[in-house]
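S.K.: what follows is a predicted structure for the sequence shown.
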Amino acid sequence: MTTHLTPLESPEALPRFGLIIIGDEILSGKRADKHLPKVIELLKARGLQLDYADYVGDSPDRITATLERAFASGDVVFSCGGIGATPDDHTRQCAARALGRELVLHPQAEALIRQRMQELAKEQGTVYEANRPDNLHRLNMGMFPVGAQIIPNPFNKIPGFFCAGAGAAQGKGQFFAGPTQDSRSAAEPKLAPSGGSDPQAESADADSGAVGEPVASLRRGTQGGVFFVPGFPVMAWPMIEWVLDTHFSAFFQTGAWIEKSVIVFGAMEAALTPLMVDIEHRHPGVKVFSLPSVDHPEYGRHIELGVKGAAGPTGQAYIELLKGLQLLNTQLGPELVR
C-alpha cells in the first residue's frame, strides 16, 4: 500500500524560512539586533524553524543582490528594515531593482498613509493639508514594486508589502496555506496589486466601506517570496505574526516537533560524525545536531548531541542515537527534551 504524505507530514513540503536584517546601525554595533531571536521564537512557537539569516548594511548594491537571491529561492523570507522614506532607506528601491520592476504608489497604501496623517493632524489639533510637502513626501512609504501586496501594520497603519519572486514563478515555494484566490468567499475584499486596478477589488472595497481592510490586504494562499516589514520591532513582529497566522497556519507543527539530546563527555566530534551521518541517512526528515562547549557553567567541557524533527521518527532516531553512543563507550550525562 502506498501512503501519500500531506504537507504537514512531509518535511520536503514545508516552506523554508529566511530572514534578512538591514541596517548599518546593526553592523556598526550602535543597535543590537532583536529580530533574529524573535523570529526564531515566533517560528518555534508554531513548530517551524528558521533556515537562514542574512545581515546587510545600507548599501543599495548589497541589498539588491541579497534580495535577488531571496526572490530566486522560492523560500518564505522576511526582510526587516529600510522601507521608510528617509535617504538611508533603500529597501523598496532595491526590491524593485531586484525584480526588474518599477516603483509605483500602491492605492491602498496611499489611502492608509493619508488616513494616518489625518489622525496625526487631529491628535495635534491641526488641519490636515494633503498637498503640504512633508505630507506628500510621506507617500513615498507607499511606493512599492509593481504587483506588490500590502501587509497590515497594527501599530500606525503604514503598511509593509509582499512580492513573489522568480523562484515562485518557476514552481519553487508554492506554499498554499489557505484557500486559493478562486475559492475565497465573495464577501472577502480583494486587493488590487500596485500598478493596476482590479474592478472586483474596487467593488469589494466600496461595499466594505473601508479601503485597505487589514485582513484582506494580502491574498490568502500565497507562495514563496519576500515579506517586507519595518525595522522597528513594535511594528515588525506583529506583522510577521500576522503573515504566519494568516497564510502559513496549514504548516504549523505545534506539538508535533520535538528535540531530544544528551550531554556527552570526553568525546571528539570527529569520532561522533559517522554515527550522526548514519542516523540522518536512516531517518529522513530528522536532523542530527552537535553543540560543543568548552566552558559550560554546569557541564564543563562536553558535546550536546541530539536529534530534532517530527515526534514519531525523532523518538526512534534518538533511541538509536543512544545505542550508538553506548557502542562507542562514551560517558553520557543528562538527557534533554525541548
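M.R.: Good, I have the coordinates.
S.K.: distance of the closest residue in space to Tyr128 that isn't next to it in sequence relative to Leu305?
M.R.: Among residues not flanking Tyr128 along the chain, Ala121 sits closest, at 3.9 Å (CB to CB, 6 or more residues apart in numbering). Every residue, glycine included, has its C-beta placed from N, CA and C. Distance of Ala121 to Leu305, computed by CB to CB, to the nearest Å: 60 Å.
S.K.: of these two, which one has the most company?
M.R.: Leu305 (26 against 15; other CB atoms under 10 Å).
S.K.: per-residue pLDDT, that one?
M.R.: You'll see Leu305 listed with a pLDDT of 96.
S.K.: quick one: name whatever helix or strand follows the strand or helix carrying it.
M.R.: Element membership of Leu305 [criterion: DSSP states H and E] is strand 300-310. Downstream of strand 300-310, the first helix or strand assigned by DSSP H and E is helix 311-327.
S.K.: run through who's touching the helix or strand following that next one.
M.R.: Heading C-terminal from helix 311-327, the first helix or strand you meet, by DSSP H and E, is strand 331-337. Around strand 331-337, the neighbours that count as contacts under CB atoms under 8 Å, 6 or more residues apart in numbering are 258-267, 299, 302, 304, 306, 322, 325-326.
S.K.: centre-most residue in the protein?
M.R.: Phe78 (3.8 Å; CA atoms, centre = their mean).
S.K.: what number of residues lie near Tyr318?
M.R.: Tyr318, neighbours per other CB under 10 Å, totals 25.
S.K.: show me where the stretch 1-150 of the chain dips below the pLDDT cut-off.
M.R.: 1-13 (pLDDT under 70).
S.K.: the residue nearest to the centre of the chain should be in a strand, yeah?
M.R.: Yes: Phe78 forms part of a strand when assessed by DSSP: H, G, I helix; E, B strand; the rest coil.
S.K.: for it, give its distance to Phe162.
M.R.: 10 Å.
S.K.: what do the two both touch?
M.R.: Val226, Phe227, Val243.
S.K.: dump the residue contacts of His35.
M.R.: His35 neighbours (CB under 8 Å, 6+ apart): Leu19, Ile21, Cys80, Pro233, Ala236.
S.K.: what do you get for Ala85?
M.R.: His137, Arg138, Asn140, Met141.
S.K.: buried ones among the residues you listed?
M.R.: Buried residues within the contacts of Ala85, counting neighbours by 16 or more other CB atoms under 10 Å: Arg138, Asn140, Met141.
S.K.: quick one: the first one and Ile113 touch, right?
M.R.: Yes: under the criterion of CB atoms under 8 Å, Arg138 is in contact with Ile113, at a separation of 5.9 Å.
S.K.: where does Ile258 sit: helix, strand or coil?
M.R.: Ile258, by the three-state scheme (three-state DSSP), is strand.
S.K.: when you give positions from now on, start the count at 54
M.R.: Got it, first residue is 54 now, which makes that one Ile311.
S.K.: show me what it is bridged to.
M.R.: Note on Ile311: beta-bridge partners by DSSP bridges are Gly362.
S.K.: pLDDT value on it, please?
M.R.: 84.
S.K.: wait, isn't it in contact with Gly365?
M.R.: No: with contact defined as CB under 8 Å, Ile311 does not count as touching Gly365 (9.5 Å).
S.K.: neighbour count for these two, which is higher?
M.R.: Ile311 (19 against 12).
S.K.: give me the buried positions along stretch 131-144.
M.R.: Quick answer for stretch 131-144 (16+ other CB under 10 Å): Phe131, Ser132, Cys133, Gly134, Gly135, Ile136, Gly137, Asp142, His143, Thr144.
S.K.: strands - which of the residues you listed land there?
M.R.: Phe131, Ser132, Cys133 (DSSP state E).
S.K.: thanks a lot, see you next time.
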